[in-house]
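Engineer: need a structure here:
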Amino acid sequence: MHLSADQSRDRNGQQWRFWCAAILLGALGWVGCGAEAVGRAEPNPLRQVLEQDVAKVDRSAPLQLRYNPARCQCPPFELRLGSRWVRAELLPTDERMLKWYRHLSAQPPENWPLPVLVRGRVEREVLRTISGDYAVRIDVTQWLEPALPDSEGRIPSPAP
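Structural biologist: Take a look at the predicted model:
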């Protein structure tokens, strides 16, 4: 049996569509299985330890931070949690915080990490940064140290 060029093209087109559909359905099945397996993953022990450390934070004590920018896309601040430093996102991002941030970032990198002291509330949820690091969020209510320079560049003396 001899097929014409049009019939041969139609038959090849049907076979092509069949194989494309088979590959697509196979890929969808594979993705579905992968998503299901991720849902059953074991809890991350590091995240659990961080969540426990966050729960232990003394809500009345000042928070010890440091300004320590990294090359990754993560917050430039770190919070001391027990014996470790954890990336910290500071809120609110108002004009006072931006002024304070500009003051810290203007310091020479050889002086980093810079110690910082604030009062605020550490949110209980442990976050994941774009780079995959863990971080916490802090709602800052008062900036304690370092003092910000005034409009003429003078740093006020600490309050008694």
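Engineer: Look up how far residue 116 lies from residue 97.
Structural biologist: Counting by C-beta to C-beta, to the nearest Å, the separation of residue 97 from residue 116 is 12 Å. No exception for glycine: its C-beta is placed from N, CA and C like everyone else's.
Engineer: same check, this time on residue 124
Structural biologist: Distance from residue 124 to residue 116, by C-beta to C-beta: 21 Å.
Engineer: Look at these two and report which has more neighbours.
Structural biologist: The residue with more neighbours, out of residue 124 and residue 116, is residue 116; 24 against 11, by other C-beta atoms under 10 Å.
Engineer: How about the more buried one, nearest residue that isn't a chain neighbour?
Structural biologist: Excluding the flanking residues, the one nearest residue 116 by C-beta to C-beta, 6 or more residues apart in numbering is residue 65, at 4.0 Å.
Engineer: Hmm, residue 119 and that neighbour touching each other?
Structural biologist: No: with contact defined as C-beta atoms under 8 Å, residue 65 and residue 119 do not form a contacting pair (11.1 Å).
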